[in-house]
Every structure is written in C-alpha cells, then in structure tokens.
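**Q** Fold the following for me, if possible:
(chains A and B)
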Amino acid sequence: MTEPDDKPFGVPGTEGASATGEPEVDEVAVAKAANRFDIRRLIGGLFMLYGLILLVLGLVGSHHVKTKAAGINVNLWTGLAMLVFGALMVFWALARPTVPKPEKVAGEGPGQIGPAPTA
Amino acid sequence: MLRLHLGTVDYVILAIYFAVVLGIGFIARLSIKSDLDFFLSGRSLPAWITGIAFIAANLGALEILGQSANGAEYGVPTVHYYWIGAVPAMVFLGLVMMPFYYGSKVRSVPEYLRLRFNEATHAFNAATFAVATVLISGVNLFALALIIHLMLGWSITLAILIAAALVLVYITLGGLTSAIYNEVLQFFVIVAALLPLTLVALHSVGGIAGLKHKVENFKPLGSPGLHAWDGLAIHHHTNTLGSDWVGVVFGLGFVLGFGYWTTNFAEVQRALSASNLSASRRTPLIGAIPKLFLPAIIIVPGLIAVVTVHGLGGSAVSESYNTAIPHLIGNYLPEGMLGIAVTGLLAAFMAGVAANVTAFNTVVTYDILQAYVWKERDPAFYLRTGRWVTVVGILVSVGTAFIAKGYSNIMNYIQTLFSIFNAPLFATFIIAMFWKRATPWGGFWSLIAGTAAAYATNRLAAYHLIFHFGSATLDGSFWQAIMAFSVDAAVMVAVSLMTKPKPIAELDGLVWGMAKGDDEADIDPRDKLWWRSPWLLGGIIIACVIALNIIFI
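**A** Got it, this is the predicted structure:
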C-alpha cells in the first residue's frame, strides 16, 4: 500500500533531550522506549489480537454468525487476513528496529524552540 | 432497520481499541519535551506514517458517510471527488508547494502568510482558520454523535460528550504524535472493516457484473450512474452531479480540491511533522496512493446500498443516503466483524475531530497567542498553553456540535464553510508563491475580498437570486468556489500593482525559483535512492489517476 520506508526513525522527544536542559538519557533506554512506541508494533499487536478473536468466532460461532454475510464466513477470512497482516507488521518492526536519531547540532534540532520567524 | 445489536465480543473489540488509544496518549506524553514535540511531533516522523496520517486526517465522519452517500445518490461520478478533486492537488502539494512550507521552517499555514505578506494578512487568516476549524470539528463531533445514536441508541448529547472527552484526553496528553498514531491505527482498522464489507456485499449482488446490471435498471441512477465522464457537456449536462465539465474540473478539481488539500493546515500539519524535506514532500504523495483506491471501499458500498436497501434516500434520518454504510454493516456483518466495523467508524470520526483540534491548538498558540499576546515566553509556557488551548478548542467544538445539530443538511453547512474559508485562500497562496510582485497589502485585501465574495455568493445562491443550475447544490458549491477564487485573484493583482512589493531579499525560500533545500544535516543519504524521488512517485500517481479515469469514463 505504501512504499517500504526502511528508514530508522526516532520517537519525538527521545532524542536531543539535553537540548531542553534535561539530563542525558541512557542511549539503550531511549532505544528501548522508542521501540516500545514503534507504531508498527502497535498496529501489528492490535491486528493479531483482533485477528485471533475473529478467527475463533469464525470457527466456533453460531450458524447465524457464520452465514450472515451472504453465506460467507466473514469472521474466519478477515480474521486470517488480519493475523497475517499483523504478523507482517511485527516482523517488519523486529527486522528493522527503530534507531533513535543522533543528536543534531544545536539551533534547529528537535526539542529546541526557536522564536517565531519575523517578517 | 438501522439499529445495530452489538454482542459481547463486539464490545470487547471496541474496548480494546479505546484502551490502546488512551495508552498511546500516555506513552506519547512521556516523550514530549517541548512545544515543537507537542505541535509538530518534533518534525521526526517517517514519510509512510505522515502519509497515512495525511489521508486519515481527511477520512473522518464526513468523508466516509458523505462520500458513500454521494456514491448512493450520484453513483460512479462521485469518483471526481477523488481523482479530480483530491489526487492531483495532493501531488501538486508534494511536488510544488511543500518546499515552500517545509523549507521556510514555518510551523503553520498562517505563518507562511506572515513571512510572505504581513502581520495583518497573518492575523486575519489565523483568526478565520481558528473559527473555521472549531466549526468543522463541531460538525465532525455531531456526525459522530448522530451515528452513535442511530447505531447504538445512546442519546446524542451523551455521545457528543463521551466522544469529546476521549479526544480531549489523548490529544492533551500526547499532542500531534498521539493524534497521528491514532490516525494511522484508525486507517488500518477502517480498511479492515470496509474491505470485507464491500467484498461480501458485492458477492451478494452477484459481483461487479451483477452490480452494474442492478444499477442500470435502478431509477433514478440508471446508466449515467456508472460513468464518470458521461454527459458533462456545457448547457447539456445529463450527468448525475448536475454539473458540466467546467464545474467539475475548475470548481471541484482546481479551486475546491487544491484549496482544501494545499492550504488546509489540518492536512499540511501532517506533512510538516515529517523528518526532513524529502519525507515531507513524499507525505501527500504516499497519502495519494490509498486515495486512488478508496472509492472502491467507499463509493461501491454506497452504490450497493442504494440498490439493496429498500427506501434508502428517503426523508427519515435513518433512511438518508448518509446511512448507506451503516445499513450495509447491519445487513451483512455478524458479531465480531460488527465490532471491527463499529470500532473503525467511531475511530475514523474521532480522528476527524482530533485532526481539526490539533490544527486549531497549533494555530491559536503559535499564530495568535505567541504572535500577538504573549511574546517571548519560554517553551514550557507554550506547551502548557497548547494543552489549555486544546481543552478550550474541544469545549468550543462541543458547542459548535450543537450548532450543527440545528442544521437539517450537514453537507450544505460544511460546503458553505469550505468554500468561504478555503477557496479564496488558495488563490492568495498560488499567486503568492508564483508571482514575486505580489505585495503584502495585495495579500491582505485579496483574502478579505475573496472571503467576502464567497460568503456573498453563498447567500445569493441560497435565496436563488443567482444560479439556476437545477436542483444540484453540488454544482452550486463548485461555482461558489470559482467565484471566490476569481475575485480573490483579481483583487490580489489590482492591489499589488498599486502598492509597494517586498524587497526580493525578504522573499528567500518563499516564492517559486527561490525555494530552499534541506539543511545539510537533515539529508538522509537513502533519500537519494531513485525510488524515493518525489517526481517519480508523483508521475506514477498521475499516470494511475489518468488510467483510472479512462477505465471509468
């Protein structure tokens, strides 16, 4: 659907912490936090959970649940598709984990507020 | 029967989603250190995320219900909203305009006007934008509440308050990051709901051939409901939109489409939060890819609904075209998928509210409070202010939701807002970017005149003093936009020729031919890869849009 963007990316605010005068955070901790907050993991986790729920319903649901959608067991098929999609997202996140960006030079870096540009 | 009966599993699915949404808000809060983090996600997000957020910010209540309603009422010609009214403008934003926005380091659309013109233009635009945004987010909130009311049976007031409270919590905590993460999540959930729904419904009407056959034999749509470009001749239009090609191409495509996608800060803000110029340019381009194919899961269900749901298009609220998708959900989806669909719809509506609220708090904080009220305070002050502005924005939205409740036709209300606020703005922008001679006061008076012209045209049309394009209000809004654009452009040129232009040195990075590139430090070497070229991506998208138009001619 979208082009594969394998660029490692940082979670806002986890980089350049010193720019706001806060103590430097341990790099490993930052990387861990960034990965926990990786949206690919969030999407993957949610879809795998939803997929599992739908799959179970598709397998053990009542006759009405299995046939309501014009005779198609829509829970079963959507559940399977969501499981696969979720697993792919998690796989992508694990294969190319988030790497916090190195701190930028002072001045324009994230976490740094500049005055409003003047006309 | 529109009332849906959710089972236990459906409520579990819904509860899981809201737990995740609030969780994102709390985690995002931990990573927010500055106002720039809060308002622009620290300019750190990769292009695929901002690209999906870009399209998802638009995929709110009005889009899903409104366009499927158009699909039901007008049929295939509704694709003009996508392939003429959106995709070309998104490509233009990515290829031509983003270098000015991102390269000049502005934090909002009004801020560009401040640099390019003067403070008067800036203040006027910031104020009108703030007003327009809370009105639009109120409409979203009301639409959300209405659908909760129809589907789940809650009272509208209760639904408005609960939805507002949820959005308030996650945006106040996590700012734009929270809003964007939820938009991306919501996008996937709504696709996971609408795609199976469309396939199942299509299967039940005998596939694409069966649907075509049914639509051809269905009054009042018939065969014109299946062709996008049929019957658009001037003075002899038989198209279902009730418009001719001038209205579609210039009104919808050029003025309304470009006006919305290129100057609406709720959209542009997503691209501004990208990690560098290349990513920001690819944001609208990546967003355009799903936009190409969304008609398949939005317009097609509308068409299926109109031929299968008896009485759709009637005067009762539960029979209006807007309920096309909820009707299909009720007819086809069993427990489980029902939960996914309801979750997807609610999430999409909240994203629509959130997109407007995050744009509102940024513009109010940076462009009104920081610029004119509390200058030169420390970053923590603006971060705190931003959170309070969010609270105020949502409270006002709740108020405007009740205004929207008073309008019988929400779509007319929203079109009035768009043509008044967006159409003239686009004229001012396009001239500002391409004509160095455009002067500060030219910018100011063009905006005033354009906005006034749009409003006047709207009022005159409302009382039938001008326009007799038949009954189609759609065509009216196309022409209203054309009027606003023309008046704005004419005033801009006239005033500019009479007043003093800005020194060329001050236009650096703001006008065509003087765009700034990326800072050296920001360039990602991988952005030089040929497949990451914005021009290539844009070219492929335009080729796709032409091909799709030919297929559905």
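**Q** For the stretch 351-500 of chain B, which segments are assigned as helices?
**A** B:379-405, B:410-421, B:423-434, B:440-462, B:473-498 (DSSP state H, counting those that start in this stretch).
**Q** Tell me which of those is the most buried.
**A** Here the criterion is mean neighbour count by mean count of other C-beta atoms under 10 Å in any protein chain shown, and of those the winner is helix B:423-434, at a mean of 25. C-beta coordinates here come from the backbone N, C-alpha and C atoms, glycine included.
**Q** what angle separates it from helix B:440-462?
**A** Relative orientation of helix B:423-434 and helix B:440-462, computed by axes from the mean of the first three to the mean of the last three C-alpha atoms, to 10 degrees: 150 degrees.
**Q** Give me the helices and strands touching helix B:423-434, please.
**A** Judged by 3 or more C-beta pairs under 8 Å, 6 or more residues apart in numbering or on different chains; DSSP states H and E, helix B:423-434 is in contact with helix B:109-116, helix B:258-263, helix B:440-462, helix B:473-498.
**Q** Next, the angle from the first one to helix B:440-462.
**A** Angle of helix B:109-116 versus helix B:440-462, following the same axes, to 10 degrees, is 140 degrees.
**Q** Mind listing what's buried along whichever helix or strand comes after helix B:109-116?
**A** Next in sequence after helix B:109-116, counting helices and strands by DSSP states H and E, comes helix B:119-152. By neighbour count on 16 or more other C-beta atoms under 10 Å in any protein chain shown, the buried set for helix B:119-152 is B:119-126, B:128-130, B:132-151.
**Q** separation between B:Ala163 and chain A?
**A** Relative to chain A, B:Ala163 is positioned 20 Å away (C-beta to the nearest C-beta, to the nearest Å).
**Q** could you pick out which of the buried residues of helix B:119-152 are near chain A?
**A** B:Glu119, B:His122 (C-beta under 8 Å from any C-beta of the partner chain).
**Q** Where do the helices of chain A begin and end?
**A** Secondary structure of chain A (DSSP state H): helices at A:27-36, A:39-60, A:63-67, A:74-95.
**Q** By mean pLDDT, show me the worst of those helices.
**A** Ranked by mean pLDDT, those end with helix A:27-36 in last place, scoring a mean of 62.
**Q** for chain A, what are the nearby residues on the stretch 251-400 of chain B?
**A** Neighbours of chain A within the stretch 251-400 of chain B, by C-beta under 8 Å from any C-beta: B:275, B:282, B:286, B:289-290, B:332-337, B:340, B:366, B:370-371, B:375-376, B:378-379, B:382.
**Q** which of those are buried?
**A** The neighbour count (16+ other C-beta under 10 Å) marks B:275, B:282, B:286, B:289-290, B:332-337, B:340, B:366, B:370-371, B:379, B:382 as buried among those.
**Q** Out of those, list just those in strands.
**A** Among those, none falls in strands (DSSP state E).
**Q** tell me which element B:Ile350 falls in.
**A** Ile isn't right for residue B:350; it's Met. Secondary structure (DSSP H and E) places B:Met350 in helix B:337-362.
**Q** Any idea which residue of the stretch 351-500 of chain B lies closest to chain A?
**A** In the stretch 351-500 of chain B, the residue that lies nearest chain A is B:Pro379 (3.8 Å; C-beta to the nearest C-beta).
**Q** Check for me that B:Leu4 belongs to a strand.
**A** No - per DSSP: H, G, I helix; E, B strand; the rest coil, B:Leu4 lies outside any strand segment and is coil.
**Q** and the gap between it and B:Tyr11?
**A** Using C-beta to C-beta, to the nearest Å, B:Leu4 is found at 12 Å from B:Tyr11.
**Q** same thing with A:Leu57?
**A** Taking C-beta to C-beta as the measure, A:Leu57 falls 14 Å from B:Tyr11.
**Q** So which of the two has more stuff around it?
**A** Neighbours were counted for A:Leu57 and for B:Tyr11 using other C-beta atoms under 10 Å in any protein chain shown; A:Leu57 has more, 25 against 13.
**Q** Next up, the contacts around the nearest residue to the more buried one once chain neighbours are set aside.
**A** Closest residue to A:Leu57 apart from its sequence neighbours, by C-beta to C-beta, 6 or more residues apart in numbering or on different chains: B:Gly336 at 4.0 Å. Counting by C-beta atoms under 8 Å, 6 or more residues apart in numbering or on different chains, B:Gly336 touches A:Ile53, A:Leu54, A:Leu57, A:Gly58, A:Gly61, A:Val65, A:Asn75, A:Gly79, B:Val9, B:Asp10, B:Ile13.
**Q** Could you report the distance from B:Gly336 to B:Leu507?
**A** Noted for B:Gly336: a distance of 58 Å to B:Leu507, by C-beta to C-beta.
**Q** And B:Thr128, by the same measure?
**A** Look at B:Thr128 and B:Leu507: by C-beta to C-beta, they are 24 Å apart.
**Q** before we move on, what about B:Ala193?
**A** B:Ala193 sits 48 Å away from B:Leu507 when distances are taken as C-beta to C-beta.
**Q** neighbour count winner among those two?
**A** Using other C-beta under 10 Å, the more surrounded residue of B:Ala193 and B:Leu507 is B:Ala193, with 26 against 18.
**Q** okay but that one is in contact with B:Gly339, surely?
**A** No - using C-beta atoms under 8 Å, B:Ala193 is not in contact with B:Gly339; the gap is 9.3 Å.
**Q** picking up where we left off before, give me the phi and psi angles of the residue nearest to A:Leu57.
**A** For B:Gly336, the backbone dihedrals (degrees, to the nearest 10) come out as phi 110, psi -80.
**Q** Which per-residue confidence value corresponds to it?
**A** So B:Gly336 comes in at 89 (pLDDT).
**Q** again, but for the one 4 residues further on
**A** Here, the pLDDT recorded for B:Ile340 equals 93.
**Q** contacting residues around it?
**A** A:Tyr50, A:Leu54, A:Thr78, B:Ile13, B:Val189, B:Ala192, B:Ala193.
**Q** could those be laid out in JSON lines, adding distance to B:Trp83?
**A** Listed next are the contacts of B:Ile340 as JSON lines, based on distance: C-beta to C-beta, whole Å:
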{"residue": "A:Tyr50", "distance to B:Trp83": "31"}
{"residue": "A:Leu54", "distance to B:Trp83": "33"}
{"residue": "A:Thr78", "distance to B:Trp83": "28"}
{"residue": "B:Ile13", "distance to B:Trp83": "33"}
{"residue": "B:Val189", "distance to B:Trp83": "25"}
{"residue": "B:Ala192", "distance to B:Trp83": "24"}
{"residue": "B:Ala193", "distance to B:Trp83": "23"}
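**Q** Run a quick neighbour tally on the residue lying closest to B:Leu150 once chain neighbours are set aside.
**A** With sequence-adjacent residues excluded and distances taken as C-beta to C-beta, 6+ apart, B:Leu150 is closest to B:Leu2, at 5.3 Å. B:Leu2 sits with 16 neighbouring residues when counted by other C-beta under 10 Å.
**Q** so how far is chain A from B:Leu2?
**A** Using C-beta to the nearest C-beta, B:Leu2 is found at 16 Å from chain A.
**Q** just B:Leu202 next, same as before
**A** Using C-beta to the nearest C-beta, B:Leu202 is found at 9 Å from chain A.
**Q** wait, is that residue part of a helix?
**A** Yes - looking at B:Leu202 with three-state DSSP, it is inside a helix.
**Q** check contacts around it.
**A** B:Ile208, B:Leu211, B:Val300, B:Ile304.
**Q** Which ChimeraX command selects the buried ones in these?
**A** Remark: buried members of those, expressed as a ChimeraX selection using 16+ other C-beta under 10 Å:
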select /B:211,300,304
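**Q** possible to save the contacts of B:Leu202 as JSON lines with secondary structure and pLDDT?
**A** Formatted as JSON lines, those follow (DSSP: H, G, I helix; E, B strand; the rest coil; pLDDT from 0 to 100):
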{"residue": "B:Ile208", "secondary structure": "helix", "pLDDT": "83"}
{"residue": "B:Leu211", "secondary structure": "helix", "pLDDT": "82"}
{"residue": "B:Val300", "secondary structure": "helix", "pLDDT": "90"}
{"residue": "B:Ile304", "secondary structure": "helix", "pLDDT": "91"}
